[in-house]
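Asker: here is a sequence with its predicted model. Questions after.
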Amino acid sequence: MRVYFWGTRGSLPASITAETVRKKVVRALEAAKTRTFEDQDEIERFVDTELPFTVSKTYGSNTACIEIKNGDEYMICDAGTGLRDLGNHHMKLIEQGLQRRSGSIFHIFISHFHWDHIQGFPFFTPAYIPGNQVKIYGYHKKLKDYFTEQQREPYFPVPLAAMNADIQFIMLDPDKTTTICGFDISGIKQKHPGASYGFRFEKDGKSVVYSSDVEHKTSFDSPARDENYPFLKFFNEADLLIFDAQYDWKEAVLLREDWGHSSYVAAVELSVKARVRRLCLFHNEPTYTDDKLDALLEDTRNYLNIYNNRKPHPLIIDLAYDGQEIEI
C-alpha cells in the first residue's frame, strides 16, 4: 500500500513567492561555492543528497488531498486544490498511453465541506469526461447540495451538471464499517466547526488513518479528557496516521484554541498511546515557511523523546509535503 500526498496545506493555498525562491537560490549557491561539478548528474546528486530539504525543495502549496494507491481505481481523501494536480497527472497518463481515456473510477472521501477541502473539485478534469465514474462519499447529509452550491453562480461559472462523468454522492453510516474497492472503511466524528470526520482504511492487514481538521486538547493522561479516548481505539496500531497538526504548541494553546485544529503535542501523545507505527503531520499552516515547518518537525521528534522519558521509541514521524509518497 502506498500513500501519495497531492495537497498538504490547511485553510487556504500557500503561495511560493519570488523572494522565497531567491532565498533558496542564494543558500544553494552558498553551499556550492567551493564545489566543482563534472556533469549534470553530479549537480543533481549534490542537490538531492547534500542540500537541506528547505533549500532544494518545498513543503508545497496545495490544500488537502491524498491518494491511497489502489491499482486501476483511485482512492482519494478530500478534494482540495491538490485534486487538480491529481487530475492533471491522470490526463498525462492518458497522453502517454498508460491510461485509457474513459472508464476510470475515482472514489473521493470528504472529511467536511470547508472550502480548502472541496475547492479543487471544479478543476478536476476527469470529472468532465464521459465514461468516468466519480463516487463521492461522506458522513454529512446533503453531500450533493454542497457540491452543487460551490459551482453555482456567482461562485463558479460552470455548474456541477456540466460535468459529464457519472458523478454519484453516497452517504456513509459512521456506525458501520463499509467495504469499498477491497478496503474496510470506518469513520469517526471529530471536533471541528461544523463537524468533520476521520477515515480509517484497512486492507491486506495494513491500515491508514486520515484524521484532518480536528482539535484535541493537549493531554490525554487526565480523566477530564475522556472525549479523546475514542480516538485511541480508532487510531489503534495504525501503520500510518495522517494527523492535523496545523499549529505549534504555543499557537494552539494561546492563540488558536477552539479553532478546530491540533498541535504536534497532541499528535505525539495520541500516537504513542495508540501504538501507531508512523505519524505524518498534516494540514500545514499556510503562513508557515519551509524553515518554520522544518523546525516544527524537529520539535515534534524532540517532544517524542521527552514524552517517552528520553528512551528510544519506534514511532516514525514525518511532516507531509506535496509530492511525498509513503510506502506501507
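Answerer: Yep, it's here. Numbering: from 1, shown residues only.
Asker: chain center to stretch 164-180, what's the gap?
Answerer: Between the centre of stretch 164-180 and the centre of its host chain there is 20 Å, according to C-alpha atoms, centre = their mean, to the nearest Å.
Asker: need the CA coordinates for stretch 307-314. CSV is fine.
Answerer: Listed next in CSV are the C-alpha coordinates belonging to stretch 307-314 (Å, rounded to 0.1, in the frame of the first residue of the first chain):
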residue,chain,number,x,y,z
TYR,A,307,7.4,12.3,26.2
ASN,A,308,9.0,8.8,26.2
ASN,A,309,11.3,9.8,29.1
ARG,A,310,14.3,10.1,26.7
LYS,A,311,14.1,6.5,25.7
PRO,A,312,14.2,5.3,22.1
HIS,A,313,10.7,4.9,20.6
PRO,A,314,9.9,3.2,17.3
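Asker: buried set for it?
Answerer: Along stretch 307-314, the positions that meet the burial threshold by neighbour count (16 or more other C-beta atoms under 10 Å) are Tyr307, His313. Every C-beta, even on glycine, is put in place using the N, C-alpha and C of the backbone.
Asker: how about residues contacting it?
Answerer: Contacts made with stretch 307-314 from outside it, assessed by C-beta atoms under 8 Å, 6 or more residues apart in numbering, are listed as Val268, Glu269, Val272, Arg277, Leu304, Asn305.
Asker: of the residues you listed, select the buried ones using a ChimeraX command.
Answerer: The command below creates a ChimeraX selection of those among the contacts of stretch 307-314 that count as buried (16+ other C-beta under 10 Å):
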select :268,269,272,277,304
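Asker: now render the contacts of stretch 307-314 as CSV, adding secondary structure, distance to Phe243 and pLDDT.
Answerer: Written out in CSV, the entries for those read as follows (DSSP: H, G, I helix; E, B strand; the rest coil; distance: C-beta to C-beta, whole Å; pLDDT from 0 to 100):
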residue, secondary structure, distance to Phe243, pLDDT
Val268, helix, 9, 95
Glu269, helix, 11, 93
Val272, helix, 12, 95
Arg277, coil, 13, 98
Leu304, helix, 13, 96
Asn305, helix, 18, 94
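Asker: list just the nearest of the contacts of stretch 307-314 to Asp184.
Answerer: Arg277 (18.1 Å; C-beta to C-beta).
Asker: which pair in the contacts of stretch 307-314 has the greatest spatial separation?
Answerer: When the contacts of stretch 307-314 are compared pair by pair using C-beta to C-beta, the two farthest from each other are Arg277 and Asn305, 17.5 Å apart.
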